[in-house]
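Asks: model this:
(2 chains)
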Amino acid sequence: GIQVEQSPPDLILQEGANSTLRCNFSDSVNNLQWFHQNPWGQLINLFYIPSGTKQNGRLSATTVATERYSLLYISSSQTTDSGVYFCGPWTGGSYIPTFGRGTSLIVHP
Amino acid sequence: DSGVTQTPKHLITATGQRVTLRCSPRSGDLSVYWYQQSLDQGLQFLIQYYNGEERAKGNILERFSAQQFPDLHSELNLSSLELGDSALYFCASSVVSGNNEQFFGPGTRLTVL
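Replies: This next block holds a predicted model:
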């Protein structure tokens, strides 16, 4: 099956800093989602982005399917951005995402 | 709030017992997915149902089973529980007709003592 690698595994930022999280995948994909798991464990949808670029407030994501990666940008980070960020691409006719191990983000005030 | 509900929020039980986790999908979603999140295995897909029928199977143990009812809610049954089954169990739903974006419920935290 598809292999998913997320980097960096851990990230510590000061409030106000910008960051880029990366998701590499081993196969061509039809779809990809980014999620934020907050410290209470809840998984929150960030982006549904099979290709191209999308923006939502301080967050944006870019997927380059032909080169098998996706990026999540967080600008002007806030303490509420802390948590784990997962990407979940899926391939072919499957509706099942394969999740990476995530990037754990801590934002200090 | 994703619109997906899961009950109970927390469950503590003993080894060898059986439990049932319940999930109600978002209004209009026909597909339900179950995932297990543990520290060592990460977030893993267990099983998918679409309009009452099993659609895909992942790393689901034989001791686990699921079903989706006519009103589209789903239940995940875990039996002969072991310590290693302690995890966060998520349900997600999607329309599954074009836009397959999945929306996750709040999860059920299962602790097996």
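
Asks: contact partners for residue 8?
Replies: Let's take chain A. A:Pro8 makes contact with A:21, A:103 under the criterion C-beta atoms under 8 Å, 6 or more residues apart in numbering or on different chains. Yep, even glycine has a C-beta here, placed from its N, CA and C like the rest.

Asks: hm, I was asking about chain B
Replies: B:Pro8 makes contacts with B:21, B:108, as judged by C-beta under 8 Å, 6+ apart.

Asks: give me the pLDDT value at it.
Replies: Model confidence at B:Pro8, expressed as pLDDT, equals 97.

Asks: without its sequence neighbours, what residue ends up closest to the residue sitting nearest the centre point of chain B?
Replies: Nearest to the geometric centre of chain B sits B:Trp34, at 3.2 Å (C-alpha atoms, centre = their mean). Leaving aside its sequence neighbours, B:Trp34 sits nearest to B:Leu46 (C-beta to C-beta, 6 or more residues apart in numbering or on different chains; 4.2 Å).

Asks: hang on, that neighbour in a strand?
Replies: Yes. Under DSSP: H, G, I helix; E, B strand; the rest coil, B:Leu46 falls within a strand.

Asks: which of the three states applies to A:Leu13?
Replies: At A:Leu13 the chain is in strand, as set by three-state DSSP.

Asks: can you give me the pLDDT of it?
Replies: In this model, A:Leu13 carries a pLDDT of 96.

Asks: what's the neighbour count on it?
Replies: Counted with other C-beta atoms under 10 Å in any protein chain shown, the neighbours of A:Leu13 add up to 18.
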